[in-house]
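Asker: Sequence first, predicted model second:
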2 protein chains.
Amino acid sequence: MEFKAPDTLAEQLANYLGQRIIMGELPAGERLHELSIANQLEVSRGSVREALYILQRRHLITILPRKGAEVMPLTAHSVKSLYRVYAHLLELLADELVGCWQEKDKVALLERVSQVKRLIESNPRDVPRIVEASFDVMEICCTVVGNPFLQEALENFKPAISRTYYLSMERFRSEIESTRDFFDTLTIAVLARDRQAARKAVQRFGEHQCEMILTSVETQEEGSRQRA
Amino acid sequence: MEFKAPDTLAEQLANYLGQRIIMGELPAGERLHELSIANQLEVSRGSVREALYILQRRHLITILPRKGAEVMPLTAHSVKSLYRVYAHLLELLADELVGCWQEKDKVALLERVSQVKRLIESNPRDVPRIVEASFDVMEICCTVVGNPFLQEALENFKPAISRTYYLSMERFRSEIESTRDFFDTLTIAVLARDRQAARKAVQRFGEHQCEMILTSVETQEEGSRQRA
């Protein structure tokens, strides 16, 4: 396991376990036992418990009081619910950004968008990096907007959204141009300070991504029904 | 301190500390020292740490890695940011509710709204109970809508919103009719399945409450400037 330096032990544990959930190594419904994780990774139970609280805030696990933690299920219903809220918050971000960006923010904003687009051109199959670069765009938008509650809510959704992209990796790759088109449309709308168009772009992209992921979830659900 | 039976110790601690923040006994900026809280309340440091994570999720404190926790500041900027996100999520709730309520939900929904309105008539000065009853309306709406991410996000905002109401208790009382009017307008819009009107009602109420609280925050800030 790789640990980044500046995080606390609990955050490192949360990142490590979170990554395993995102990549599907810890599947939906899997129980996370505090004691066995602590023994396995040779850390204190307290640190594991803290890590579980962090993962709960990141929408990756559910903690049932006195029952323990389990990896959040990914059903058609939960994916729809997730994207409904996430896209709605992104709409607010876009709306605020349209209203508040200044000339001095333009270079940084456009640079981040260019990075995603360059990645899509040069490495269209590298989903993890494209997703990461897309979140970087979101992050710079959050910095410009300066709403700590919105930023925190969006940050907390990143892992759960990444998880859905891992699940539908192949379709994400085959429909990568929709991601590029989204960034183009959004950039034009934000530069023109067109609230309506910016919101519409986010809404449409959210719906498209959700549909894409639902197809993968339904294929999976179909698969597990047939195996059962 | 009063403890409710079914919660874990960490949740009980979070509720106790949270209540003190909401009521202003622990003021903005106050540091929360894990060890001194543990000693004072005769509980383990681990339980206090868990409680702090819960309070962070409820937007009442900020945890700075390696630096400890402090009570979240209530400035004009943070109040505006808070209400912007909260009202935006309530708009989504109203929108979803308009689309999905069924005849069988009607009695429970209307009953909760009546409870708030009865309270406003009979005890117009009992802000805590009116706020609690308003949250009960939100809760039944969440149950009908059935989006766990939206429900969790809104639940987590309750303490921070309560805190702002405590801060502006007197103005809340003197403008209590705007709360009653909001529930009337919203009920009519939801029953008529009028998305536009429902969103508009929430938006206007959110803006009104935010303005009301800003006045109190500014009075406070003015006061502390004069004392300084």
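Answerer: Okay, I see it. Note that this is a predicted model, so its numbers are computed, not measured.

Asker: can you pull the buried residues of the helix or strand that residue A:196 is a member of?
Answerer: Secondary structure from DSSP states H and E places residue A:196 in helix A:195-227. Neighbour counts over helix A:195-227 (16 or more other Cβ atoms under 10 Å in any protein chain shown) mark A:195, A:197-202, A:205-206, A:208-210, A:212-214, A:216-217 as buried. Placement of C-beta: from N, CA and C, glycine included.

Asker: And stretch A:94-101, by the same measure?
Answerer: A:94-98, A:101.

Asker: Contacting chain B as well, which ones from those?
Answerer: Among the buried residues of stretch A:94-101, proximity to chain B is found for residue A:96 (Cβ under 8 Å from any Cβ of the partner chain).

Asker: Show me which pair in the buried residues of stretch A:94-101 is furthest apart.
Answerer: A:95 and A:101 (11.8 Å; Cβ to Cβ).

Asker: still on that earlier bit, give the other helices and strands that the helix holding residue A:196 contacts.
Answerer: Using 3 or more Cβ pairs under 8 Å, 6 or more residues apart in numbering or on different chains; DSSP states H and E as the contact test, the elements touching helix A:195-227 are helix A:76-100, helix A:148-167, helix A:169-174, helix A:176-191.

Asker: possible to save those as CSV with mean pLDDT?
Answerer: Output for the helices and strands packed on helix A:195-227, formatted as CSV (pLDDT from 0 to 100):
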stretch, mean pLDDT
helix A:76-100, 97
helix A:148-167, 95
helix A:169-174, 89
helix A:176-191, 95
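
Asker: Export those helices as a markdown table, with columns for distance to residue B:139.
Answerer: Shown next, in a markdown table, are the helices and strands packed on helix A:195-227 (distance: least, Cβ to Cβ, whole Å):
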| stretch | distance to residue B:139 |
| --- | --- |
| helix A:76-100 | 17 |
| helix A:148-167 | 19 |
| helix A:169-174 | 36 |
| helix A:176-191 | 35 |
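
Asker: Any idea how many residues pack against residue A:50?
Answerer: 22 (other Cβ atoms under 10 Å in any protein chain shown).

Asker: Likewise for residue A:170?
Answerer: Residue A:170, neighbours per other Cβ under 10 Å, totals 11.

Asker: Then the one 3 residues further on?
Answerer: Using other Cβ under 10 Å, the number of residues around residue A:173 comes to 13.

Asker: quick check: domain ranges of chain A?
Answerer: A:9-71, A:76-227 (automatic domain parsing).

Asker: So residue A:142 versus residue A:217, what's the distance?
Answerer: 28 Å (Cβ to Cβ, to the nearest Å).

Asker: From residue A:195, how far off is residue A:100?
Answerer: 12 Å.

Asker: And residue A:158, by the same measure?
Answerer: 25 Å.

Asker: which bits of chain A sit near chain B?
Answerer: Checking chain A against chain B by Cβ under 8 Å from any Cβ, the hits are A:6-8, A:11, A:46, A:49-50, A:53-54, A:56-57, A:59, A:65-66, A:77-78, A:81-82, A:84-86, A:88-89, A:92, A:96, A:146-150, A:153.

Asker: element containing residue A:62?
Answerer: Residue A:62 belongs to strand A:61-64, assigned by DSSP H and E.
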